[in-house]
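Trainee: Output the structure for:
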Amino acid sequence: MFALINFSYLTAAVFFILGIKGMTKPATAVRGNQLAAVGMLIAVVAALMHQQIISYATIIAGMILGGSIGVWLARRTAMTEMPELIASLNGIGGAASVTVALSTWLQASGAGTTGNAGWTAAILASVIIGSVTLTGSIIAVLKLRGTIGETGKPRLWQILTLVTLLAVIGGGFMFVSGVSVSPVTLFALVGLCLILGIGLVQPVGGADMPVVVALLNAYSGLAGAATGFVLENQGLIITGSLVGASGLILTAIMCKAMNRSLPTVLFGGAFKQPASAQGVAEDDFYAGKVKYATPDDLALLLDSARKVVMVPGYGLAVAQAQHAVKELASQLEARGAQVRYAIHPVAGRMPGHMNVLLAEAEIPYDQLKDMDSMNPELPQADVVIVLGANDVVNPAASEEPSSPIYGMPILNVHKAKTVVVVKRSLSPGFAGIPNSLFIRDNSLMIKGDAKDVL
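Mentor: Numbers count the residues shown, from 1 in each chain. Here you go, the predicted structure:
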């Protein structure tokens, strides 16, 4: 039976790997998701076959309760709130790891059967990473929701984080070395790690939240892998390692797309405006320079356009305008125009946010183009329609060395023949700086809800 269980875990791992591979391309993402789901089903069945499993009545009760909560969350979560849901699930994964590690250690300690140093180290890793993931995810959710804003004293948070980190290292050494192995030590360590999670995420700026969500996803996987060593469960070790590795790779990709190093994201605080830009009001920056247009003006432009590029951003998700985009694109294609969608790696509030949104409207996958493949084509575009995107199309990133986002790869929409920006207001993006695209000679601004405008 033990050999069959391990073989089942290995089979599940193969399905997980094939699933992740499938998710690397929009055209195969659905199949990849299905393969991963099959792998998870095999892993769950294998876990239920384990001889040390708890009663099936408890399992069924847990599945009904958890499944009901999952269905309720999925049905009430709008597409704009998907990043918050992902961050919440990361936190739940961290909480599960901490709970399992604590209960396992307390049970073994009460029975006087605590394991070797390796087992104790796995308990420690599960507790530290899981606790940091839990509170870090809570802060990330609150930041994404706008419940808490940027901290006014990032240096104070950095000092607090450093002190807490040193305390965690000291407490962890005491726990592993056996100097102080007691429930009090372990629970004190949990408390310190919860504070550390807050300190690590609180100073991070809103523009960097997609990177933090990806990193927390990696944390939850690593915590799960550590818990797998605690339980001696090969399936959990494999699954957690896959999630941790893919999350770290995604974090690196996101950092590259924003031209930010991970230490800068975690410890550098939010994007800061240069001294020369501080105190300059947005009204002064835009005064008399923005050329406003109407939806009718956009219709006239599109009437003769042969190549149209849509650039989706968070504003598109807020307006739930994906179906209106699809309808407009279908009409343009019926008139002989070519329509493409230029998607920046960090558009929206999580990796792949815009891809998922547009796929919901059944927009063909081959029309969704990434930044590197679309930038060479943008100078030939007759009309580029920017739908709620901001920082990812700001020319300052490539033209103004003094800009805090200088060097960040962007979609070069300013090189198109005509750019039409559809936005509710002139408010800045996550980076908190004005967008010089709005005052370009070839740029028009239509203020309003993206769905209504389209």
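Trainee: any weak-confidence spans in the stretch 151-300 of the chain?
Mentor: The stretch 151-300 of the chain contains residues with pLDDT under 70 at 151-154, 179-181, 206-207, 267-283.
Trainee: What ranges does it have for its helices?
Mentor: In the stretch 151-300 of the chain, the segments counted as helices under DSSP state H, counting those that start in this stretch are 154-177, 183-201, 209-231, 234-257, 262-267, 282-286, 295-303.
Trainee: what's the spacing between Val100 and Gln158?
Mentor: As judged by Cβ to Cβ, to the nearest Å, Val100 and Gln158 stand 32 Å apart. C-betas here are computed from N, CA, C, even on glycine.
Trainee: Looking at these two, which one has more neighbours?
Mentor: Ranked by neighbour count (other Cβ atoms under 10 Å), Val100 and Gln158 place Val100 first, with 23 against 17.
Trainee: which residue packs closest to Asp382, ignoring adjacent ones?
Mentor: Once flanking residues are discounted, Asp382 sits nearest to Ala305: 3.9 Å by Cβ to Cβ, 6 or more residues apart in numbering.
Trainee: Kindly apply the preceding question to Arg349 instead.
Mentor: Leaving out its chain neighbours, the residue that sits closest to Arg349 by Cβ to Cβ, 6+ apart is Pro83, at 4.0 Å.
Trainee: Is it correct that the one you found is in contact with Gly348?
Mentor: Yes. Between Pro83 and Gly348 there is a contact at 7.5 Å, judged by Cβ atoms under 8 Å.
Trainee: got any residues that touch both of these two?
Mentor: In terms of Cβ atoms under 8 Å, 6 or more residues apart in numbering, Pro83 and Gly348 are both contacted by the residues Pro210.
Trainee: These two: who's more crowded?
Mentor: Using other Cβ under 10 Å, the more surrounded residue of Pro83 and Gly348 is Gly348, with 27 against 23.
Trainee: Does that one touch Gly315 like I think?
Mentor: No. With contacts counted by Cβ under 8 Å, Gly348 stays clear of Gly315, the gap being 9.8 Å.
Trainee: Could I get the contacting residues of the residue nearest to Arg349?
Mentor: Neighbouring residues of Pro83 by Cβ under 8 Å, 6+ apart: 144, 209-210, 213, 348-350, 353.
Trainee: Relative to the centre of the chain, find the outermost residue for me.
Mentor: Centroid-distance maximum for the chain: Gly112 at 42.4 Å, with Cα atoms, centre = their mean.
Trainee: For Leu266, see how far away it is.
Mentor: Distance from Gly112 to Leu266, by Cβ to Cβ: 41 Å.
Trainee: Same question for Gly240.
Mentor: Per Cβ to Cβ, Gly240 is found 22 Å from Leu266.
Trainee: Which one's more surrounded, those two?
Mentor: Shown here are Gly240 and Leu266; by other Cβ under 10 Å, Gly240 has more neighbours (25 against 18).
Trainee: The more buried one and Gly221 touch, don't they?
Mentor: Yes. Counting by Cβ under 8 Å, Gly221 is a contact partner of Gly240 at 4.9 Å.
Trainee: just checking, Leu328 touches Leu454?
Mentor: Yes. Using Cβ under 8 Å, Leu328 is in contact with Leu454, at 5.2 Å.
Trainee: These two: which is more packed in?
Mentor: Under the neighbour definition other Cβ under 10 Å, Leu328 and Leu454 were set side by side, and Leu454 has more, 24 against 20.
Trainee: residue contacts, the more buried one?
Mentor: Taking Cβ under 8 Å, 6+ apart, we find Leu454 in contact with 295, 321, 324-325, 327-328, 387, 422.
Trainee: Check it and give its pLDDT.
Mentor: Here the pLDDT value assigned to Leu454 is 92.
Trainee: got it, and Ile446?
Mentor: pLDDT, read off for Ile446, is 93.
Trainee: Now it: phi and psi?
Mentor: phi -120, psi 110 (degrees, to the nearest 10).
Trainee: partner residues bridging it?
Mentor: Val422 (DSSP bridges).
Trainee: wait, what's in contact with Ser220?
Mentor: 89-91, 93-94, 97, 130, 133, 137, 243, 247.
Trainee: hmm, back to that, relative to Pro409, which of the helices of the stretch 151-300 of the chain is closest?
Mentor: Within the helices of the stretch 151-300 of the chain, the stretch nearest Pro409 is helix 234-257; the backing value is 6.1 Å (Cβ to Cβ).
Trainee: Can you mark which positions in that closest one are buried?
Mentor: 234-244, 246-248, 250-251, 254-255, 257 (16 or more other Cβ atoms under 10 Å).
Trainee: again, but for stretch 373-389
Mentor: 374-375, 377-378, 381-389.
Trainee: With stretch 14-34 instead?
Mentor: 15-20, 22-23, 26, 28-29, 32.
Trainee: Now do the end-to-end distance for it.
Mentor: End-to-end distance of stretch 14-34 (Cα to Cα, to the nearest Å): 13 Å.
Trainee: Off-centre distance for that stretch?
Mentor: Here stretch 14-34 is found 18 Å from its chain centre; the criterion is Cα atoms, centre = their mean, to the nearest Å.
Trainee: and what of stretch 428-441?
Mentor: For stretch 428-441 - counting by Cα atoms, centre = their mean - the centre lies 23 Å from the chain centre.
Trainee: Just the C-alphas of that stretch, formatted as CSV.
Mentor: Provided in CSV are the C-alpha atoms of stretch 428-441 (Å, rounded to 0.1, in the frame of the first residue of the first chain):
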residue,chain,number,x,y,z
PRO,A,428,-1.8,58.8,-11.5
GLY,A,429,-1.1,55.1,-11.6
PHE,A,430,0.5,53.1,-8.8
ALA,A,431,3.8,54.9,-9.2
GLY,A,432,2.1,58.2,-8.2
ILE,A,433,3.6,60.3,-11.0
PRO,A,434,1.9,62.2,-13.9
ASN,A,435,1.8,60.5,-17.3
SER,A,436,3.4,62.5,-20.1
LEU,A,437,1.5,60.4,-22.7
PHE,A,438,-1.6,62.4,-21.9
ILE,A,439,-0.1,65.6,-23.2
ARG,A,440,1.5,64.2,-26.4
ASP,A,441,0.7,65.8,-29.7
